[in-house]
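In: give the three-dimensional model of this entry:
(2 chains)
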2 protein chains.
Amino acid sequence: MKPTDIAKEGTEMTEETEHMIEKNGAKETETVVSAGDAKEMRAVILSGFGGLNKLRVTKKAMPEPQEGEVKIRVKACGLNFLDLMVRQGNIDSPPKTPLVPGFECSGIVEAMGENTKGFEIGDRVMAFVNYNAWAEVVCTPLDYVYNMPDDMTFPEAAAFSMNFVAAYMMLFEVANLREGMSVLVHSAGGGVGQAVAQLCSTIPSVTVFGTASSFKHEAIKDSVTHLFDRNIDYVQEVKKISPEGVDIVLDCLSGENTGKGLGLLRPLGTYILYGSSNMVTGETKSFFSLAKSWWQVEKVNPIKLYEENKVIAGFSLLNLLFKQGRCGKVKTVVEKLFSLYNQKKIKPVVDSLWALEEVKEAMQRIHDRGNIGKLILDVEKSPTPLARAQECTLTAHKQDN
Amino acid sequence: MKPTDIAKEGTEMTEETEHMIEKNGAKETETVVSAGDAKEMRAVILSGFGGLNKLRVTKKAMPEPQEGEVKIRVKACGLNFLDLMVRQGNIDSPPKTPLVPGFECSGIVEAMGENTKGFEIGDRVMAFVNYNAWAEVVCTPLDYVYNMPDDMTFPEAAAFSMNFVAAYMMLFEVANLREGMSVLVHSAGGGVGQAVAQLCSTIPSVTVFGTASSFKHEAIKDSVTHLFDRNIDYVQEVKKISPEGVDIVLDCLSGENTGKGLGLLRPLGTYILYGSSNMVTGETKSFFSLAKSWWQVEKVNPIKLYEENKVIAGFSLLNLLFKQGRCGKVKTVVEKLFSLYNQKKIKPVVDSLWALEEVKEAMQRIHDRGNIGKLILDVEKSPTPLARAQECTLTAHKQDN
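Out: Next comes the predicted model:
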C-alpha cells in the first residue's frame, strides 16, 4: 500500500476506528493508548462543530508522509483562541468534521516522504500543520517545518510558532514598528500579547499599552508599559496618557473595537485586525448569531483614511501559510525570531501543560481567559490530579461570561 | 504696526487691492508688476471656486513674518493636481475665497520673525506653505522650511518637496518597500509618478508597473519596468505579467480604482489612496456631482482584509503637515531625500516653467495630463510666446475629456 492510500484511508477510517475514550470527563486516565503502536496513534478529534462535548481523544490510523512531507513524532502542540472558533465552526469556510484540530506542534522527525531535503530523522523541529496537529504523529510539507534552536524545549517551540510569527509579522511587516512608537495590544496576557510585548522590548523606547483581566496584572505588569482592565473603556485610558493616540493597534477582538482602534490611531498609524475572540462567547449562544456579529464589523471609508492618514490591515497567519502560499516569507521571519531567541531577547511564555485527554479543560481555561501565555498540549503527559486541581482553581476567575 | 496686523490686513485688503490683470486670456504680458516694490507683491489669486477664469495675478500687501515664521522671496512654486481640486473647491473643508493657491515653493530667506532659529537671511530654502505659495513673497513657520542642497536649483526644489516627500513616505513609511517587491503607480509620467519610479530604483529588484497616456511612453519608458496606457484595463495587463498581483498599489485616481487596486494586491500587500484626480474632470460638470462621486468610493470590510491579508491606507501630505502636526516626521524624510539627491540617486523631473501670469495654461496642461514631471511657476519669468506655443501643441493631446 502506498503512503497516499494509507493517508486517505486514515481519514476515511476515522469514524470506524473512533474510540470513545472519555464520556463523562472523569475517567480519562484509564484510556491512555500506548504511543508505541506502529499502526495507530492517539489524536484529539472534533466530531462536529459545537461545544466542548464535541472533543474526544481517539485512535486513528498512523499517517505516512507523502512526497515533500515530513513525518513528525509530536511532543507538544499549541492551543490557540482560534481553535475555539474552529470548534464552534465560527470561521471562514470551515472544513468538514470529523477532524483533528491544531495548527502547530513541535517534535522529532520520524520519516520523510520523497523529495524531502533539509531534514534528517531525529531532528528536533517546530512545524505548522493545516489541522491535525493535536495527535501523536503528523505529516506536513517541509515548507512548514523548521529546525528548532538547541536550547528551545518542545513546549517552548509549540508556544512559539504561531504567536511569535504573527506578532513579528504584524509589528514589522504589516506595521513598521520603530524607535519611540507606541502599541496597543488586547489580551496582553495571552500568547500573542506576550509575544508582542517581548518583541516591542527589542526596539528602544516603545510604549506598550495592554488590556488584560485584572487578576493577571500582577503577573504581567513588567511586560508592558501601561496595563488596563479589559472591561474598562481603554480608549479613554489611553487618551489620558497619550492624547494624540498610538502608532499601532493590534486587535484580536473585532466588533466595535475596530472603530475604537481606528479612532485611537495617530496619523500614519496602523490598525491591524488579527482575530475576533469577542465572537467566541458562552456555549449557549447560537452559532448563527455569532457568525452574524462577526460579519457586522463596520466598513471603512478609504476617503476617511486619506483625510486622517491612517492604515487599516488584516492579518491571518493561517491564510498566509495555507491559502496564500507565503511560506517563504514566513521562513525568513522564523529565522529572525530564532536569532532573537538565541540572543535571549525573546522567550515564549508557557502557561500550562495539558495531556491530550485534558483538551476540554485547556479550552475552558483559554475561553475563560485564565491563561498567562500559551497553553500547550503535552502529548506524552498523562492527565494528572494536579491539572484537574488547577482547572478547578481557575473557574474562580471566570469573569468574562 | 506689528507684523501680525500687517499680515491680517494683507488678507483683508485682498479684495480692495485686487487688480484685474487678465480679463480675456490674451493680454497677460502687459500686466507684469514690478517685483521690487517693498509694500506690495504679485500673487496668483483665486477669486472663487470654479473654472480657470477664477484665477488672475494681482497685487497684494507684502506679508511680514510673525513669530516663528520665515519670510521667503519666492523663486519657484510647484503646481500639483491638488491645486486644480482646490480651484474647483473639490476638497475637504475648502477655505474661503479669495485666496492665493499653492503649497510649496523655493526661494531665498529675506527676513525672520521673532524666535526663529536655524536660518539666515540669504539662505536658499525649500518650503511648504498652507496656501499662499504662488506669490513673490511668502511667510511660513520655520518647521516647514528646509535649507536646500547646494547643487539643487530653485525649480528642482519646488518640484521636489511635495512629490518626493509623498512618494517616499508612501513607499517607506506607510508601505514597507523592500528588495524584490512590485509597485503599481498611476500617472507614472506625473510628478509623484516620476518620484515613485526614482525611489523604487534605489532598492534592488523592484518591479514598477506604471500607467500613463500613450504619448508619454517613449519619454518615460526607462523609468518604469512595465508601462500601460491609462485607458486600458490595467488589472488584466498586470495579471498577465504577474498573476499573483503586486505588493504596493499607489492610487491617485480613487473611485472604482480602489476596488481594482485592492484586488491586485498580493497577500501582505498595501493599497494607498493619495489623491482623486479622476474627480477633476471637464469644466462643464457641476461641482456638486464631482463631490458626490468623490465620496462614493466603496467602503472596505476589515474582515475581508483579515481573510486576504491586505492593507489599505490613505495618505495626504497636506493634512499630515498642516492639520496633524507631523512636521518633525516630514523633516527627517526631507533629510533622507536630500541625502539621496546629493548621492545623485534621485533628481526631480521638471516638465516646464511658467510665469505666474501663465498659471491657467499651466493648469490646463496638468488637467490634460500633458506633463512629464512637474510644472513649475517661475516667479521671475515673463510670459513668453514659446510657452504659448507649447500650450497650443498640447491641446492636441487632450485625450481625456
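In: give me the residue at the spatial middle of chain A.
Out: Nearest to the geometric centre of chain A sits residue A:80, at 3.1 Å (C-alpha atoms, centre = their mean).
In: relative to chain B, how far out is that one?
Out: Per C-beta to the nearest C-beta, to the nearest Å, residue A:80 is found 15 Å from chain B. All C-beta atoms are positioned from the backbone trio N, CA, C, and that covers glycine.
In: try residue A:311
Out: Where chain B is concerned, residue A:311 sits at a distance of 4 Å (C-beta to the nearest C-beta).
In: which residues does that residue contact?
Out: A:175, A:265, A:268-271, A:305, B:174, B:270, B:311-314 (C-beta atoms under 8 Å, 6 or more residues apart in numbering or on different chains).
In: and which of the residues you listed is nearest to residue A:378?
Out: Checking these against residue A:378 with C-beta to C-beta, the nearest one is residue A:175 at 33.9 Å.
In: does the closest one touch residue A:271 like I think?
Out: No. Taking contacts as C-beta atoms under 8 Å, residue A:175 lies outside contact range of residue A:271: 9.1 Å.
In: point out the residues in chain A that sit beside chain B.
Out: Contacts of chain A with chain B, taken as C-beta under 8 Å from any C-beta of the partner chain, map to A:92, A:169, A:173-174, A:176, A:254, A:258, A:267-268, A:270, A:273-274, A:294-295, A:297-316, A:319-320, A:324, A:326, A:329.
In: any idea how many residues pack against residue A:345?
Out: Residues within reach of residue A:345, counting by other C-beta atoms under 10 Å in any protein chain shown, total 13.
In: ramachandran angles for it?
Out: phi -90, psi -20 (degrees, to the nearest 10).
In: tell me who's in contact with it.
Out: A:198, A:201, A:202.
In: if we can go back for a sec, spit out the residues that contact residue A:175 and residue A:271 alike.
Out: Common neighbours of residue A:175 and residue A:271 (C-beta under 8 Å, 6+ apart) are A:248, A:311, A:313.
In: point out where the stretch 1-150 of chain A drops to low pLDDT.
Out: Flagging of the stretch 1-150 of chain A using pLDDT under 70 yields the residue ranges A:1-37.
In: can you pull out the strands in it?
Out: A:40-46, A:55-61, A:69-79, A:104-112, A:124-128, A:137-141, A:145-147 (DSSP state E, counting those that start in this stretch).
In: on that earlier part again, show the buried residues in the residues of chain A next to chain B.
Out: Buried members of the residues of chain A next to chain B, counted by 16 or more other C-beta atoms under 10 Å in any protein chain shown: A:169, A:173-174, A:176, A:254, A:258, A:267-268, A:270, A:273-274, A:294, A:297, A:300, A:302-303, A:305-316, A:319-320, A:324, A:326, A:329.
In: if we can go back for a sec, list just the nearest of the contacts of residue A:311 to residue A:379.
Out: For those, the nearest to residue A:379 is residue A:175 (35.4 Å; C-beta to C-beta).
In: report how many residues lie close to residue A:121.
Out: Quick note: residue A:121 (other C-beta under 10 Å) scores 12 neighbours.
In: tell me who's in contact with it.
Out: Residue A:121 touches A:109, A:110, A:111, A:112, counting by C-beta under 8 Å, 6+ apart.
In: separation between the closest residue to the third one other than its chain neighbours and chain B?
Out: In this case it means residue A:111. Nearest non-adjacent residue to residue A:111, counting by C-beta to C-beta, 6 or more residues apart in numbering or on different chains: residue A:71, 4.0 Å away. To chain B, residue A:71 is 28 Å away according to C-beta to the nearest C-beta.
In: what do you get for residue A:222?
Out: On the measure of C-beta to the nearest C-beta, residue A:222 and chain B end up 30 Å apart.
In: in the stretch 1-150 of chain A, what residue is nearest chain B?
Out: residue A:92 (5.6 Å; C-beta to the nearest C-beta).
In: show me what contacts that residue?
Out: Residue A:92 touches residue B:307, counting by C-beta under 8 Å, 6+ apart.
In: between residue A:175 and residue A:271, which is the more surrounded one?
Out: residue A:271 (29 against 24).
In: what's across from that one in the sheet?
Out: residue A:249, residue A:312 (DSSP bridges).
In: I'd guessed it sits against residue A:260; true?
Out: No. Checked against C-beta under 8 Å, the pair residue A:271 and residue A:260 is beyond contact range at 9.5 Å.
In: got a pLDDT number for residue A:181?
Out: At residue A:181, the pLDDT value in this model is 98.
In: got the contact list for it?
Out: A:203, A:206, A:207, A:247, A:248 are the contacts of residue A:181 under C-beta under 8 Å, 6+ apart.
In: nearest to chain B among the residues you listed?
Out: Using C-beta to the nearest C-beta, the contacts of residue A:181 come closest to chain B at residue A:247, 10.9 Å.
In: which residues does residue A:40 form beta bridges with?
Out: residue A:61.
In: you'd agree it is up against residue A:135?
Out: No. Using C-beta under 8 Å, residue A:40 makes no contact with residue A:135, being 10.7 Å away.
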